[in-house]
Every structure is written in C-alpha cells, then in structure tokens.
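In: take a look and give me a structure for this.
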Amino acid sequence: LGFRSQQFLDGVRSLRESRLLTTWKKISLIFGGIAVVVLGLFFSRVATAGFSMRKLEVYMIFLAIVACVFAIEMTIQRIWPDGARRHRALGRFTMVIYCVLFVTGSFTYTMLYILYPGKIG
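Out: Here you go, the predicted model:
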C-alpha cells in the first residue's frame, strides 16, 4: 500500500480515505536540496575539466526534468486529492503498463534467443 495513504485498523492495513496533499513549500525544499547537489556536481566537474556550455546545458536539463516530475506529481494531487482514490487509480494504470512491458519483453526474448537465434561464424 502507499506509505502515506495507509492506515492500520485492528492490525490490518487499509487505504485511508482522506485528503492527502503535499505543500508547495515541501516540494520547493526537496527541489532546492536536489538543485544544490546537482549544482555541486556541476561545479566540481567545472573545477576539474573546465567550463563548457554543453555541461551547463546537461545539468540544467536534468533539473528541468526533475521540476517536470514534481509538477506532474502536484497536478495529479490536484486531480485526485483523496489519497486512497489516487493510489488505486495510479496503481491500476501502473499495473497495465507493467503487464504490457512484461509481455513485450517476453516476446522479444523468445524471438531473439529461442525462435530466431543469431548465427555466429
């Protein structure tokens, strides 16, 4: 079960039907911590190998991706403020993706290594 959305009733875990929202302040603190670590890595890289715009671009794009993930997470929280409903919906969606990836991976493995193995030599 979801760590923040679970509750224990008589020793049994269940989902808590309540609003479960993360504040922008908490997200900002987490993002700030990640940004400090990433910029520390960037400046250590600049100190050893010199500055280039490409390095700066790579680290800034990484921070932009992290910011997008946080924005998506906050959007999902606004769509489903109830932690239990959100957990069930995201779990269902994630399980469908997992099953599709499992089946396609199994077919790919079967075709590559069993049905049509490569000929060496």
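In: for the residue nearest in space to the middle of the chain, what are its contacts?
Out: Nearest to the mean C-alpha position of the chain, by C-alpha atoms, centre = their mean, lies V69 at 7.0 Å. Going by C-beta atoms under 8 Å, 6 or more residues apart in numbering, V69 touches no other residue. Where C-beta positions appear, they are placed from N, C-alpha and C, glycine not excepted.
In: pLDDT at L1, what is it?
Out: pLDDT recorded at L1 is 50.
In: one more: Q7?
Out: Per-residue pLDDT puts Q7 at 84.
In: got a list of what the nearest residue to it once chain neighbours are set aside touches?
Out: In this structure, Q7 finds its nearest non-sequential neighbour in R16, 4.3 Å apart by C-beta to C-beta, 6 or more residues apart in numbering. Contacts for R16 were tallied using C-beta under 8 Å, 6+ apart; they are S5, Q6, Q7, G83, A84.
In: let me have the residues you listed in CSV, extended by neighbour count.
Out: Formatted as CSV, the contacts of R16 follow (neighbours: other C-beta atoms under 10 Å):
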residue, neighbour count
S5, 19
Q6, 14
Q7, 14
G83, 21
A84, 19
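In: what would those look like in TSV with secondary structure?
Out: Shown next, in TSV, are those (DSSP: H, G, I helix; E, B strand; the rest coil):
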residue	secondary structure
S5	coil
Q6	strand
Q7	strand
G83	helix
A84	helix
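In: before we move on, what SS does the residue nearest to the centre of the chain have?
Out: helix.
In: could you pull out the strands for the protein?
Out: 6-9, 12-15 (DSSP state E).
In: pull up the pairing partners for the first one, direction included.
Out: Looking at strand 6-9 with DSSP bridges, its paired strands and their directions are strand 12-15 (antiparallel).
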